[in-house]
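J.: I would like to see how this sequence folds:
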Amino acid sequence: MAVPKKRTSKMKKNIRKSTWKRQANQEALKAFSLAKSLLSGNSTGFIYQIDKPDNSKEK
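T.: Got it, this is the predicted structure:
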């Protein structure tokens, strides 16, 4: 089993953690932007099928 030889410093630990959080934040912003464009109907880069409401009433 792999075991670290030396203890990782607080600075290195915080740098790695902040990098991970920054990448996660960027992905969340992209997903939120895509959701907003889908709701507004301005999306051009995302292909999806819109369910059209059925106007005929079934008896």
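J.: so how far is A2 from R22?
T.: Distance of R22 to A2, given as C-beta to C-beta, to the nearest Å: 26 Å. C-beta: built from backbone N, CA, C; applies to glycine.
J.: correction: the previous question concerned L38.
T.: Distance of L38 to A2, computed by C-beta to C-beta: 44 Å.
J.: out of those two, which sits in the busier spot?
T.: L38 (12 against 3; other C-beta atoms under 10 Å).
J.: tell me which element D54 is part of?
T.: Assigned by DSSP states H and E, D54 belongs to no helix or strand.
J.: number of nearby residues for it?
T.: By the other C-beta under 10 Å criterion, the neighbourhood of D54 contains 7 residues.
J.: ramachandran angles for R16?
T.: Note on R16: backbone dihedrals following degrees, to the nearest 10 are phi -60, psi -40.
J.: how near is it to E27?
T.: When distance is defined by C-beta to C-beta, R16 is 17 Å away from E27.
J.: just F46 next, same as before
T.: As judged by C-beta to C-beta, F46 and E27 stand 15 Å apart.
J.: restrict stretch 26-38 to CA atoms and write it as PDB.
T.: What follows is stretch 26-38 as a C-alpha-only set of coordinates in PDB (Å, rounded to 0.1, in the frame of the first residue of the first chain):
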ATOM      1  CA  GLN A  26     -16.500  26.500 -13.000                       C
ATOM      2  CA  GLU A  27     -18.400  23.300 -13.900                       C
ATOM      3  CA  ALA A  28     -21.300  24.400 -11.800                       C
ATOM      4  CA  LEU A  29     -21.400  27.800 -13.500                       C
ATOM      5  CA  LYS A  30     -21.400  26.200 -16.900                       C
ATOM      6  CA  ALA A  31     -24.200  23.800 -15.900                       C
ATOM      7  CA  PHE A  32     -26.200  26.800 -14.500                       C
ATOM      8  CA  SER A  33     -25.600  28.800 -17.700                       C
ATOM      9  CA  LEU A  34     -26.800  25.900 -19.900                       C
ATOM     10  CA  ALA A  35     -29.900  25.500 -17.700                       C
ATOM     11  CA  LYS A  36     -30.700  29.200 -18.000                       C
ATOM     12  CA  SER A  37     -30.300  29.100 -21.800                       C
ATOM     13  CA  LEU A  38     -32.600  26.000 -22.100                       C
END
